[in-house]
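Colleague: dropping a prediction and its sequence here:
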Amino acid sequence: MAGFATVSGLARGRMSARTRQTFMVVLSVAFLFVLHGACAVYVLVLVMGAYGLARHLAGAPGAPYGLAAVWVYCCGSLFLARLWEGLPFASISPALAFLDAHRGMLRWHIHYNLMILRLISFASDLAWARGARRATPGGRGPVHTAPPAVAAVRSHSAGGAEGLQDGSSSRGPVEGVDGGGEKGGGSSSSAAVLAGATGLDQEIKARVEEPLPLSQYSLAGLLEYCLYPPLYIAGPIITFNCFSSQRAPGGAMRQLGGRQLLVYAARATLVLLCLEAVTHALPYNAIARDRALDKLAARWAADPAGAAAAGLPRPRPLHYAITGYWVLVFMWLKFTFIWRFFRLAALADGVAPPENMTRCVCDNYDVEGFWRSWHASYNRWLVRYMYVPLGGARWRAANVWAIFTFVALWHDLEWRLLGWAWMMAAAIAPEMAVKALGRSRLLRQWHGTAAFRHAAAAAAAINILLLMTANLVGFVTGLDGIGPLAKQVLAQPRFLAVVLLALFSAAQLMFWKRECEAAGRERVVAAAAAGTAGAGTQAGKASGRP
């Protein structure tokens, strides 16, 4: 990745924009053949097929369902690729069987799920750009300039090491339960750090929303976007508009600097060291993967005397709970390092994708916040290309079922993932009801009181327990194992009471942390307002005005 960033930087400084794009496409295609061998042909054919559909149907006059056709093409090809396990060449023709010995280092169909997100992003952004062009007087469409929001962000962006972080969604002390408004910001107490994080995040969001000239929705632009080496393997996910605007001449993010990259790399290295420590000292992920607890439970059920004579431990609810917790911590550390490594490579090349894992896994108490902060870039993709088109907040209780089902099937074709997704979707409805109740006029008079805070913490504790249960289904016990586990937990009410008390205390700590974040955001706003007022005063003096 360091070599790619170096070559890309040299090309950017010595070639024209069109020549550089062609060169980067050739380099990316070569990278694709190194990864997938002869199977890279499948990827290229599917990308070109999606491009043809998008150019002729997405947002085109007389094709009202053109974008839906692209969705069907992408989802259908992903399903078939998984079902046929990458389509061996021998199944096409015996004469091509020799190519199966040259399938590269990585299976192409495993990474194709990320590819369809890019293809849908390209088609949707193209369709909406065409719509914006038709809505513009004269039909001339958007001009490629920095969006006003981008220019405003650049004018007072503070940079700083944390400026590379995507501004994580944050709520007030009890607002996550009572439904308070979403606010951007990080968890640091430094105003400069928070300003830098928010500035970069706002610029990324502005570029996502800003349509590009139709000439940029080209095959070369799509290939450069889809095959971009730093983000191809694992992401983070970036939209076509945001990526293409950053690759345009003069479009690179201005907040990035060498010192910031070094600090970001050091933090990614620290995550890797923590991952290594957890892997070596706490082998709970291996226990979960081998289903060791299920095997022990089956042994005790079949032959209690033999299991006792062999000195085998009897699995208890605490064992399942601890295993599920540390598996989540392991997964958080693993994905955090993976995503930050590839994001660092993109940042070194001048491309700033959104940050994933914007909160620690232990710092979530609702489904909405957990999902938004875990795979944050994917969440933004889902909001832009699924949640809003499906009706947004008006149909939220219904469209979350379609979205979570898509998420489960997008990850893999497994029943345990569908169970995980449907449990998450089912948890949304009561969570929405509790938040609506907290916002109601009936309870508004209790806001800020100790009683309301404790009631919110109790609701958060139950929500955390549901979140842990859903993740146990998805990653530890599976659907078939959750029933016996629930029976064991309910048979030991003292254990359940202790767990809820611990989660209640943890929720109180999370509320306090969000109060600190809110105070930090207020300082940032005050500092920005003071800076703007000072700049206006200086400008007035310079112009001779009183």
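Modeller: That came through fine.

Colleague: going forward, measure contacts and count neighbours with C-alpha atoms only.
Modeller: Will do.

Colleague: can you tell me the SS state at the closest residue to Ala460 other than its chain neighbours?
Modeller: Leaving aside its chain neighbours, Ala460 sits nearest to Tyr365 (5.5 Å; criterion: CA to CA, 6 or more residues apart in numbering). Following DSSP: H, G, I helix; E, B strand; the rest coil, the label given to Tyr365 is coil.

Colleague: now for Tyr365, how many residues are close by?
Modeller: Per other CA atoms under 10 Å, the neighbour tally for Tyr365 reads 26.

Colleague: quick one, what contacts it?
Modeller: Neighbouring residues of Tyr365 by CA atoms under 8 Å, 6 or more residues apart in numbering: Gly176, Ala460, Ala461, Asn463, Ile464, Ala507.

Colleague: in helices, which of those residues appear?
Modeller: Gly176, Ala460, Ala461, Asn463, Ile464, Ala507 (DSSP state H).

Colleague: for Ser377, state which of those is nearest.
Modeller: Gly176 (20.4 Å; CA to CA).

Colleague: ok, which stretches of the stretch 51-200 of the chain are helices?
Modeller: Per DSSP state H, counting those that start in this stretch, the stretch 51-200 of the chain carries helices over the ranges 66-83, 89-92, 108-135, 148-156, 175-178, 191-209.

Colleague: and those helices as a markdown table, adding mean neighbour count and distance to Phe337?
Modeller: Shown next, in a markdown table, are the helices of the stretch 51-200 of the chain (neighbours: other CA atoms under 10 Å; distance: least, CA to CA, whole Å):
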| stretch | mean neighbour count | distance to Phe337 |
| --- | --- | --- |
| helix 66-83 | 18 | 26 |
| helix 89-92 | 13 | 35 |
| helix 108-135 | 22 | 18 |
| helix 148-156 | 15 | 28 |
| helix 175-178 | 25 | 27 |
| helix 191-209 | 24 | 19 |
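
Colleague: figure out which of those helices is closest to Leu99.
Modeller: Between those, helix 89-92 lies closest to Leu99; by CA to CA that is 6.4 Å.

Colleague: show me the contact partners of the closest one.
Modeller: Leu96, Ala97, Phe98, Leu99, Asp100.

Colleague: pull it out as CSV, backbone CA atoms only.
Modeller: Provided in CSV are the C-alpha atoms of helix 89-92 (Å, rounded to 0.1, in the frame of the first residue of the first chain):
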residue,chain,number,x,y,z
PHE,A,89,-14.1,-22.1,-14.9
ALA,A,90,-14.6,-25.8,-15.3
SER,A,91,-18.3,-25.4,-14.9
ILE,A,92,-18.4,-23.1,-17.9
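
Colleague: chain neighbours aside, what residue packs nearest to Leu382?
Modeller: In space, Leu382 is closest to Ile403, 7.5 Å off (CA to CA, 6+ apart).

Colleague: is the one you found in a helix, a strand, or coil?
Modeller: Quick answer, by three-state DSSP: Ile403 is helix.

Colleague: what is the rounded mean pLDDT of stretch 217-228?
Modeller: For stretch 217-228, mean pLDDT is 95.

Colleague: if you could redo that for stretch 269-280, that was the one I meant.
Modeller: 95.

Colleague: which other residues reach it?
Modeller: By CA under 8 Å, 6+ apart, stretch 269-280 touches Asn285, Phe330, Leu333, Lys334, Thr336, Phe337.

Colleague: among those, name the ones in strands.
Modeller: In strands, defined here by DSSP state E, there are no members of the contacts of stretch 269-280.

Colleague: could I get those residues as a markdown table with pLDDT, distance to Leu106 and neighbour count?
Modeller: Formatted as a markdown table, the contacts of stretch 269-280 follow (pLDDT from 0 to 100; distance: CA to CA, whole Å; neighbours: other CA atoms under 10 Å):
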| residue | pLDDT | distance to Leu106 | neighbour count |
| --- | --- | --- | --- |
| Asn285 | 86 | 23 | 22 |
| Phe330 | 92 | 23 | 22 |
| Leu333 | 94 | 22 | 22 |
| Lys334 | 94 | 19 | 17 |
| Thr336 | 95 | 21 | 22 |
| Phe337 | 96 | 19 | 22 |
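
Colleague: make TSV from these and add distance to Pro249 to it.
Modeller: Shown next, in TSV, are the contacts of stretch 269-280 (distance: CA to CA, whole Å):
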residue	distance to Pro249
Asn285	46
Phe330	41
Leu333	36
Lys334	35
Thr336	31
Phe337	31
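
Colleague: what's the closest of those to Ala265?
Modeller: Using CA to CA, these come closest to Ala265 at Phe337, 10.0 Å.

Colleague: doesn't Ala266 make contact with that closest one?
Modeller: No. Phe337 lies out of contact with Ala266 (CA atoms under 8 Å); the separation is 11.1 Å.

Colleague: now the buried members of the contacts of helix 89-92.
Modeller: Among those, none is classed as buried by neighbour count (16 or more other CA atoms under 10 Å).

Colleague: let's have those in TSV, adding distance to Met1.
Modeller: Shown next, in TSV, are the contacts of helix 89-92 (distance: CA to CA, whole Å):
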residue	distance to Met1
Leu96	32
Ala97	32
Phe98	31
Leu99	27
Asp100	27
